[in-house]
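**Student:** Let me see the structure of the following:
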Amino acid sequence: MSAHLSSGNERPFDPERFLSNSGAGKELLSFRKRQTIFAQGDPADAVFYIRYGQVRMRVVAKNGKEATIAILEEGDYFGEACLMRQPLRICSASALSDCSLLRIGKETMLAALRQECDFSNMFLSYLLRRNLRYEEDLMDQLFNSSEKRLARILLLLSHFEEDRECESGTLRISQETLAQMVGTTRSRVNIFMNRFKKLGFIEYKRGLHVHRSLARIIPHD
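**Tutor:** The predicted structure is shown next:
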């Protein structure tokens with residue numbers, strides 16, 4: 001049975017209000033740092049929206065090799081593959097920091113997308129932007145060195161593509177996680193990070209500070 005989002009007596013649908021409150025088919029959840037949100041192989045029955053905090057998406061192969069496929073933040077969605085009839089989770093999600101999430105049941109999410117054009121357009125725009133990011137990640141993986149991939153990931157995580165005024169960003173992420181995202185070893189990441197520090201592209205002071213000048217490492221067409 002499809003979920004009903006509104007009746008004639010209720011206020012007009014507000015996407016921001018929809019994503020800020022619990023209700024029928026929705027639940028506000030809090031997770032502590034390193035806590036598992038869902039595991040690979042769990043039933044896929046809901047979409048999650050990040051109200052604040054960071055979430056790490058990772059996958060483990062049959063041989064035990066682990067890879068971090070994304071670091072998601074406030075305003076991001078995850079778990080949306082359930083909308084395409086995916087019965088089980090193909091990756092795991094865990095809290096990279098303390099975070100607050102809105103869990104939206106599959107049927108409630110589908111009803112919102114069918115009935116509310118503003119929300120549907122907003123969600124589609126988000127998926128298209130993220131798909132473009134994944135395509136860029138793939139090209140980066142195929143054609144750039146590990147050092148250049150690391151530089152790009154650090155710049156993306158610092159949101160320099162969104163804020164053109166800021167000259168530095170602060171990160172709290174382990175070299176092990178960075179190694180999994182780059183597709184290399186932690187020891188190589190450590191070598192690259194020491195080189196970036198020596199060149200003045202990064203510094204450590206109450207966290208990792210990434211400077212916009214790190215972009216010099218990445219080739220531009």
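**Student:** right, and Leu19 touches Tyr49 too?
**Tutor:** Yes. With contacts counted by Cβ atoms under 8 Å, Leu19 reaches Tyr49, the gap being 5.3 Å. Yep, even glycine has a C-beta here, placed from its N, CA and C like the rest.
**Student:** So these two - more neighbours on which side?
**Tutor:** Neighbours were counted for Leu19 and for Tyr49 using other Cβ atoms under 10 Å; Tyr49 has more, 22 against 18.
**Student:** Just to check, the more buried one is in contact with Ile104?
**Tutor:** Yes. If you go by Cβ under 8 Å, Tyr49 and Ile104 touch, sitting 6.6 Å apart.
**Student:** Common neighbours of these two, please.
**Tutor:** Between them, Tyr49 and Ile104 share no contacting residue under Cβ atoms under 8 Å, 6 or more residues apart in numbering.
**Student:** For the strand or helix carrying Ile71, buried residues please.
**Tutor:** Ile71 is located in strand 66-72, with elements delineated by DSSP states H and E. Neighbour counts using 16 or more other Cβ atoms under 10 Å place 68, 70-72 of strand 66-72 among the buried residues.
**Student:** want to throw these into TSV with distance to Leu171?
**Tutor:** Output for the buried residues of strand 66-72, formatted as TSV (distance: Cβ to Cβ, whole Å):
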residue	distance to Leu171
Thr68	14
Ala70	15
Ile71	10
Leu72	14
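**Student:** Widest-spaced pair of the residues you listed?
**Tutor:** Thr68 and Leu72 (11.0 Å; Cβ to Cβ).
**Student:** Identify the contacts common to the two.
**Tutor:** With Cβ under 8 Å, 6+ apart, Thr68 and Leu72 have common neighbours 56-57.
**Student:** if we can go back for a sec, return every residue with contacts to both of Leu19 and Tyr49.
**Tutor:** What both Leu19 and Tyr49 touch, as defined by Cβ under 8 Å, 6+ apart, is the set Leu102.
**Student:** middle-most residue in the protein, spatially?
**Tutor:** Leu72 (1.8 Å; Cα atoms, centre = their mean).
**Student:** What strand or helix carries Thr108?
**Tutor:** helix 106-115.
**Student:** What's the first helix or strand after the helix or strand bottoming out on mean pLDDT in the chain?
**Tutor:** Here the helix or strand of the chain ranked lowest by mean pLDDT, DSSP states H and E is strand 168-171, holding a mean of 75. Sequence order places helix 175-182 as the next helix or strand after strand 168-171, per DSSP H and E.
**Student:** Just the angle for the next helix or strand after that next one relative to helix 175-182, thanks.
**Tutor:** Going down the chain from helix 175-182, the next helix or strand is helix 186-198, by DSSP H and E. Relative orientation of helix 186-198 versus helix 175-182 (axes from the mean of the first three to the mean of the last three Cα atoms, to 10 degrees): 100 degrees.
**Student:** residues in contact with Arg130?
**Tutor:** Contacts of Arg130 (Cβ under 8 Å, 6+ apart): Asp76.
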